[in-house]
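Trainee: Next comes the sequence, and after it the predicted model I'd like to discuss.
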Amino acid sequence: QVHLVESGGGVVQSGGSLRLSCAVSGGTFSSYAMGWFRQDPGKEREFVAAISWKGDFTIYAHSVKGRFTISRDNAKKAVYLQMNSLRPEDAAIYYCAADTYGVEASESDHDYEYWGQGTQVTVSS
C-alpha cells in the first residue's frame with residue numbers, strides 16, 4: 001500500500017510563493033511517476049504538473065508553466081511543487097498522486113492509483 005501526505009499549503013498574497021511537499025511511504029517510490037493536481041470546490045479536478053520516475057522529464061499545465069516547478073528526491077521519497085507568482089485563480093486544494101504502473105509523466109488522473117488527502121492553497125488578491 002502506498003501512502004501520500006501533502007504539506008506546505010497555506011494563505012499567500014497574490015504574487016507570492018509556496019512550496020508544496022508530498023511524502024510517500026510504502027512501495028517503491030523511485031519507480032513511480034508522480035503528479036500534482038488541484039481542485040476548487042464546484043469544479044473538476046485539473047492537472048497541474050507531473051514528473052517521470054527519474055525526474056528527467058516534466059510536464060505542466062499551460063496555466064502554470066513558467067511559474068510552477070515540480071521536482072522529486074528519490075532518496076527522501078518526496079515530490080515537491082514550487083509555486084511562484086501565485087494568482088487568485090491558483091487557489092484550490094492541491095493533491096499529489098502516484099502512478100505506480102507508469103514511469104513517464106502523465107496528465108491523466110486516470111493513470112494515478114494513489115492520492116494524498118490534499119493541502120489547501122489560498123491566494124488573496
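Mentor: Alright, I've got the coordinates.

Trainee: Just give me the residue closest to the centre of this structure.
Mentor: Closest to where the C-alpha atoms of the chain average out (Cα atoms, centre = their mean) is W36, at 2.3 Å.

Trainee: wait, is that one part of a strand?
Mentor: Yes - judged by DSSP: H, G, I helix; E, B strand; the rest coil, W36 forms part of a strand.

Trainee: Could you list which residues are in contact with it?
Mentor: Residues in contact with W36 (Cβ atoms under 8 Å, 6 or more residues apart in numbering) are 20, 22, 48-50, 70, 79, 81, 94-97. Quick note: C-beta positions are derived from backbone N, CA and C, even for glycine.

Trainee: go on, S108?
Mentor: Each residue near S108 by Cβ under 8 Å, 6+ apart is listed here: F47.

Trainee: 7 Å instead, please
Mentor: By Cβ atoms under 7 Å, 6 or more residues apart in numbering, S108 lies in contact with nothing.

Trainee: now T58
Mentor: 49-51, 70, 105 are the contacts of T58 under Cβ under 7 Å, 6+ apart.

Trainee: Give me the subset of these lying in strands.
Mentor: Residues of those located in strands (DSSP state E): 49-51, 70.

Trainee: Surely A50 and Y32 touch.
Mentor: No - using Cβ atoms under 7 Å, A50 is not in contact with Y32, being 10.9 Å away.
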